[in-house]
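[1] dropping a prediction and its sequence here:
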Amino acid sequence: MKKIIVTGCSQGIGLFISNELVKLNYEVYGISRKKPSSEFNFNYIECDVSNSDSVKKVFSKFRRDTSVYALVNVAGIASMNLLVSTPEDTIKRIIETNLLGTIYCTKAIIPSMIKSKNGRIINFSSFAVRIGLKGESAYIASKGGVEAFSRSIAKELSPANITVNTISPSIIDTRLTSGLSETIKKTIIERQIIESKCTVSDVFDCLKMILSPESKKLSGEIFNIGGV
Amino acid sequence: MITKDKISEFIISQLKTICKSDPQTFSENTPLIGEQRSIKSVELVELLLGLEEYVEDNLNVKFDWSGDSAMSERKSILKSVDTLSEHIFELQSK
């Protein structure tokens, strides 16, 4: 059975994806700081992705394992605030979780995937990067970093048949977007190519496409759900 | 204690397996990094992962090959098969 590791499995997109992947017969390992907030059917591992030692410890059990097919880096935090009124500790936490967490987990899974000469790494960005959403500058900096990182590491890993892609969802009703007013949400949706709200199912459909064998030549791409 | 020659032999046999689609001659002088290197970076990583397991299983020590100077042509233990064997041989006495 192929294994998939999903970070940020405690709620929102990460929790939904983890549960759905189990239904597709993957052996799913969901990792997050806290236990999932609702019912789950996957293997849960406690891990703070912003802490490199915590990541090394958790991923060491997969280092010799050649059955890990994919890593899905969903873990992310945001803070709707003007930069001038955002505490430095919050800025640091956002960058550490969203950007460094993605880098640490990717680095830690490379040995397993290089051994099997096959793999999919799927990172998460956000529509906010495209539109420069006001009040999310630190978050956008972290996600812009994820996109740039993904493109470079995709090139580094392509000789080992490992693809790296980024999913950039539009507005989805999750805890991360709960700070946005309905007016802002409406304005954002009107700017999309497909002018309707995205759901976690739309994100999962894109993920399934990237996981499929037919996507072996897709790498270094950013998939904007809803279209920008 | 495993001799340095045995370690070099293992590295060379690994290189032959990893590069079987592009057969070439490997020796202790084969450069592993830098402009003169004869293997791709992904093949180097594959070699090091194999060595990591070999060292852990046979020498019972940890082989950590990450480091700021890992890819430095001047300072790296990865300069050649010989420098890599030397490093692993010395790990046994630490």
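    Sure thing, it's come through.
[2] setting aside sequence neighbours, what's the nearest residue to residue 11?
    Went with chain A since none was named. residue A:37 (4.6 Å; CB to CB, 6 or more residues apart in numbering or on different chains). Using the backbone N, CA and C atoms, a C-beta is placed for each residue, glycine as well.
[3] not quite, I wanted chain B
    With CB to CB, 6+ apart, the residue lying closest to residue B:11 is residue B:81, at 5.2 Å.
[4] for that neighbour, give me its contacts.
    Applying CB atoms under 8 Å, 6 or more residues apart in numbering or on different chains to residue B:81 gives the contacts B:8, B:11, B:12, B:15, B:26, B:27, B:28, B:29, B:30, B:32.
[5] would you turn the residues you listed into TSV with neighbour count?
    Formatted as TSV, those follow (neighbours: other CB atoms under 10 Å in any protein chain shown):
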residue	neighbour count
B:8	20
B:11	25
B:12	17
B:15	24
B:26	18
B:27	11
B:28	17
B:29	8
B:30	19
B:32	26
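[6] could you tell me which of the residues you listed belong to helices?
    Of the contacts of residue B:81, the ones assigned to helices by DSSP state H are B:8, B:11, B:12, B:15.
[7] burial of the residue nearest to residue A:11, as a residue count?
    Neighbours of residue A:37 under the rule other CB atoms under 10 Å in any protein chain shown: 12.
[8] I figured it hits residue A:10, correct?
    Yes. Using CB atoms under 8 Å, residue A:37 makes contact with residue A:10 at a distance of 5.9 Å.
[9] can you pull out the helices in chain B?
    Under DSSP H, chain B gives helices at B:4-18, B:41-54, B:81-91.
[10] kindly reformat those helices as a markdown table containing mean pLDDT and distance to residue A:32.
    A markdown table is the format used below for the helices of chain B (pLDDT from 0 to 100; distance: least, CB to CB, whole Å):
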| stretch | mean pLDDT | distance to residue A:32 |
| --- | --- | --- |
| helix B:4-18 | 95 | 36 |
| helix B:41-54 | 95 | 28 |
| helix B:81-91 | 94 | 36 |
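[11] closest one to residue A:142 among the ones you listed?
    Closest to residue A:142 of the helices of chain B, according to CB to CB: helix B:41-54, at 27.1 Å.
[12] those residues of chain B touching chain A, which are they?
    B:40, B:41, B:42, B:45, B:46, B:49, B:52, B:53 (CB under 8 Å from any CB of the partner chain).
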